[in-house]
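**Student:** Fold the following, please.
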Amino acid sequence: MFQGVPQSGQAGRDRPELYEEVKLHRTAREREKYDNMADLFALIQTIQCLEKAYIKDAVAPKEYTAACSKLLVQFKAAFKQVNSEFASVGDFVTKYRLDCPAAMERITDGRPLTIRDDKGNQSKTIADITSLFITIMDKLRLEIRAMDEIHPDINDLFDALSRLSTLPPDFDGKVKVKGWLDRLGVMSASDELTDEQVRQMVFDLESSYNAFIRVLQEI
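**Tutor:** This is a model prediction of the structure:
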């Protein structure tokens, strides 16, 4: 009656390709592209969840400000990895059908909801400081330690900290950054930081960044 119709087991033996794993990528470059898009997707979703949590009063303003500031910096870095594929974050959201209006508003503003907007000056400086702290620490952890590769960022960080009038005059983080700026200033362009210096600089920057976030939470 069913002559010519293969049994289920027989079909699998005749067509082994049916059991092959379906992969989104075939090369390392394609895999990196999908990994980058996955990172961006996750960050947008995380910002959306954080915004909803803050609206529901499920997270304190201090914790929200610190978390949102960091996520926005990470978002900017993540989007740079895919901007050859997408002209704007809106294109990415549309293509992958993300329902994230709160996250989009936060990304557009470029600052946490808790930071007031004085024509963009203060919020931009805060974003610059946050970005520079993270950038320098990432460079050091990636063993980028030549004077001419670290000094410009340290100089920009000190200038940004000096511009932010809401910081206390004796802010310890600014003192530590100035100390490293002076040390780098007497080095030759090709000189590199030692392992001990790198470890100390990462420690100083991390403690300064945490202190900056604490001050930020009180603004």
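**Student:** and the residue nearest to residue 76 when sequence neighbours are not counted, what are its phi and psi?
**Tutor:** Nearest residue to residue 76, sequence neighbours excluded (C-beta to C-beta, 6 or more residues apart in numbering): residue 131, at 7.3 Å. Every C-beta, even on glycine, is put in place using the N, C-alpha and C of the backbone. When read as degrees, to the nearest 10, the backbone of residue 131 gives phi -60, psi -40.
**Student:** any idea how far residue 131 lies from residue 196?
**Tutor:** 27 Å (C-beta to C-beta, to the nearest Å).
**Student:** which of those two has more neighbours?
**Tutor:** Each of residue 131 and residue 196 has its neighbours counted (other C-beta atoms under 10 Å); residue 131 has more, 20 against 8.
**Student:** how much space between that one and residue 49?
**Tutor:** 22 Å.
**Student:** what's the answer for residue 87, then?
**Tutor:** Applying C-beta to C-beta to residue 87 and residue 49 gives a distance of 26 Å.
**Student:** With residue 125 instead?
**Tutor:** As judged by C-beta to C-beta, residue 125 and residue 49 stand 27 Å apart.
**Student:** Thought residue 108 was touching residue 72, still the case?
**Tutor:** No: using C-beta atoms under 8 Å, residue 72 is not in contact with residue 108, being 10.7 Å away.
**Student:** Neighbour count: these two, which is higher?
**Tutor:** Neighbours were counted for residue 72 and for residue 108 using other C-beta under 10 Å; residue 72 has more, 20 against 9.
**Student:** Grab the nearest non-local neighbour of the more buried one.
**Tutor:** Excluding the flanking residues, the one nearest residue 72 by C-beta to C-beta, 6+ apart is residue 110, at 6.5 Å.
**Student:** Residue 174 too?
**Tutor:** Leaving aside its chain neighbours, residue 174 sits nearest to residue 161 (4.5 Å; criterion: C-beta to C-beta, 6+ apart).
**Student:** thought that neighbour was touching residue 172?
**Tutor:** No: here residue 161 does not reach residue 172: they are 11.0 Å apart, not a contact under C-beta under 8 Å.
**Student:** I'd say the residue nearest to residue 72 and residue 125 touch.
**Tutor:** No: taking C-beta under 8 Å as the definition, residue 110 is not a contact partner of residue 125, at 11.9 Å.
**Student:** Who has more neighbours out of the two?
**Tutor:** For residue 110 and residue 125, the more surrounded residue by other C-beta under 10 Å is residue 125, and the numbers stand at 19 against 16.
**Student:** That one is in what secondary structure piece?
**Tutor:** Assessed by DSSP states H and E, residue 125 sits inside helix 121-141.
**Student:** Can you tell me what sits against that helix?
**Tutor:** Outside helix 121-141, the residues that touch it by C-beta atoms under 8 Å, 6 or more residues apart in numbering are 69-70, 72-73, 76, 109-111, 115-117, 145, 149-150, 153-154, 156-157, 160-161, 163-164, 166, 193, 198, 201-202, 205-206, 208-209, 212, 216.
**Student:** which of those residues are buried?
**Tutor:** Among the contacts of helix 121-141, those buried by neighbour count (16 or more other C-beta atoms under 10 Å) are 69-70, 72-73, 110-111, 115, 145, 150, 154, 156-157, 160-161, 164, 193, 198, 201, 205, 208-209, 212, 216.
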